[in-house]
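**Student:** No letters, just coordinates:
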């Protein structure tokens, strides 16, 4: 993959939007297949750590087809969830999934780095496997802070790199070799799952990402590792 796609914000924005539009129809299937369904457990844990309260308005950024947003809305009928994403193709599939569900999401097209909301609009914000797709992570975090109310909470679910040598070796083999092959066969887009591996490798995980959160104005920053460290949930609150 052209390195400029990962390092040039303008190119990355264009690539990410087009890529997700292209794989929208197979995205959910591949997510559950490639993670053996464990992504469902991770999302539940993310909402557990967010601790949404009745009456909250929650923003689910990079919502995709809405899985994390739907999980949040399940917790109480008084919780209102807005799901925003740059990919209209993904949002369309989210709207299709919403039919027949008791949980309700308001889907809209929006860039996490330039949100169409007034200051202090939301009590909570969630992001599931989307923060590494931001063209400029710090810009996105400051924007999230802007639209959150004081005392509001943020929960970010993202891939991380295991520290145990054996698990780390298997993880890298799976991400670099097996996952792109399966992704290519199912989605017909070889770049999408090659990008997944490269974006995970470049993501400033762990203490580095916690520092980014602190510098964006968040406090009580914590990281919780999942499944031997192959994913993490980062939680924090607005000062």
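**Tutor:** Looks like it arrived, so ask away. Every value quoted in this text rests on a predicted model; they were computed, and no experiment measured them. Numbering: from 1, shown residues only.
**Student:** Name the residues that touch the longest helix along the chain?
**Tutor:** The residue-count maximum for a helix in the chain (DSSP state H) belongs to helix 9-23. The contact list for helix 9-23, computed with CB atoms under 8 Å, 6 or more residues apart in numbering, reads 2, 4-6, 27, 30, 64, 85-90, 111, 133, 135-136, 187, 189, 191-192, 195. Any C-beta I mention is one placed from the backbone N, CA and C, and that applies to glycine too.
**Student:** If we use 7 Å, what do you get?
**Tutor:** Helix 9-23 is contacted by residues 4-6, 86-90, 133, 135-136, 187, 189, 191-192, 195 when judged by CB atoms under 7 Å, 6 or more residues apart in numbering.
**Student:** Likewise for stretch 196-208?
**Tutor:** Applying CB under 7 Å, 6+ apart, the external contacts of stretch 196-208 come out as 1, 6, 132-133, 158-161, 175-176, 179-180, 212, 223, 232.
**Student:** What subset of those is buried?
**Tutor:** By neighbour count, with 16 or more other CB atoms under 10 Å, these hold 6, 132-133, 158-161, 175-176, 179-180, 212, 223, 232 as buried.
**Student:** pretty sure residue 46 contacts residue 154?
**Tutor:** No: using CB atoms under 7 Å, residue 46 is not in contact with residue 154; the gap is 10.7 Å.
**Student:** so where is this structure shaky, pLDDT-wise?
**Tutor:** Counting by pLDDT under 70, the chain shows low-confidence ranges at 1-2.
**Student:** what's near enough to touch the nearest residue to residue 239 once chain neighbours are set aside?
**Tutor:** Once flanking residues are discounted, residue 239 sits nearest to residue 219: 5.2 Å by CB to CB, 6 or more residues apart in numbering. By CB under 7 Å, 6+ apart, the residues touching residue 219 are 236-237, 239.
**Student:** Tell me how far the host helix or strand of residue 219 lies from the chain's centre.
**Tutor:** Assigned by DSSP states H and E, residue 219 belongs to strand 218-226. Mean-position distance between strand 218-226 and its chain equals 15 Å (CA atoms, centre = their mean, to the nearest Å).
**Student:** need the next SSE after that strand, C-terminal direction.
**Tutor:** Using DSSP H and E, the next helix or strand after strand 218-226 towards the C-terminus is strand 231-238.
**Student:** Just say helix, strand or coil for residue 71.
**Tutor:** Look at residue 71: counting by DSSP: H, G, I helix; E, B strand; the rest coil, its state is helix.
**Student:** any idea how far it lies from residue 59?
**Tutor:** Note on residue 71: its distance to residue 59, by CB to CB, to the nearest Å, is 14 Å.
**Student:** Okay, and which of the contacts of stretch 196-208 map to helices?
**Tutor:** Mapping those onto helices (DSSP H) picks out 6, 179-180, 212.
**Student:** between these, which is nearest residue 99?
**Tutor:** Checking these against residue 99 with CB to CB, the nearest one is residue 179 at 30.4 Å.
**Student:** Pretty sure that closest one sits against residue 193.
**Tutor:** Yes: between residue 179 and residue 193 there is a contact under CB under 7 Å: 5.4 Å.
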